[in-house]
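[1] Structure, please.
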Amino acid sequence: MKQFSSTELANRTGDVLAAAAQRPVTIAKHGKARFVVLTTEQFEAMQQSLDTRRSVHVSELDDAEASALISALQDSIEND
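    Okay, the predicted model is just below:
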């Protein structure tokens, strides 16, 4: 991943954004990477790949899903 300093970000914003359009870049402050600049498309793709949650009404669960839910709830009640 290409890295720019915070000073370079201030002085060469266009170059930083051009690089970030190709792939994520890091912004370093005091020599340590502190921020990442990436396109909204890259960010949204990353968010979608991390978020595996879904929402369904309990009436829509099949038997295996209902059993898994009940088991997880019982485990939570007993251990949390």
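
[2] can we go C-alpha only for contacts and neighbour counts from here?
    OK.

[3] now stretch 1-11, how far from the chain's geometric center?
    Here stretch 1-11 is found 22 Å from its chain centre; the criterion is Cα atoms, centre = their mean, to the nearest Å.

[4] go on, stretch 24-44?
    For stretch 24-44, the distance to the chain centre is 13 Å (Cα atoms, centre = their mean).

[5] Report the helix or strand with the lowest average pLDDT across the chain.
    helix 40-50 (a mean of 88; mean pLDDT, DSSP states H and E).

[6] Which other helices and strands does that one contact?
    Applying 3 or more Cα pairs under 8 Å, 6 or more residues apart in numbering; DSSP states H and E, we find helix 40-50 packed against no helix or strand.

[7] Next, the contact list for residue 2, please.
    Counting by Cα atoms under 8 Å, 6 or more residues apart in numbering, residue 2 makes contact with 19, 24-26.

[8] coming back round to it: how about the least confident helix or strand of the chain as CSV, C-alpha atoms only?
    Only the C-alpha atoms of helix 40-50 are listed here, as CSV (Å, rounded to 0.1, in the frame of the first residue of the first chain):
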residue,chain,number,x,y,z
THR,A,40,-16.3,4.9,-1.7
GLU,A,41,-16.7,1.8,-4.0
GLN,A,42,-13.8,0.1,-2.2
PHE,A,43,-15.2,1.1,1.2
GLU,A,44,-18.7,-0.2,0.4
ALA,A,45,-17.3,-3.5,-0.9
MET,A,46,-15.3,-3.9,2.2
GLN,A,47,-18.3,-3.1,4.4
GLN,A,48,-20.5,-5.6,2.6
SER,A,49,-17.9,-8.4,2.8
LEU,A,50,-17.6,-7.9,6.5
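
[9] So which of the contacts of residue 2 belong to strands?
    25-26 (DSSP state E).

[10] Identify, from the contacts of residue 2, the entry nearest to residue 63.
    Taking Cα to Cα as the measure, residue 63 lies nearest residue 24 of the contacts of residue 2, at 43.1 Å.
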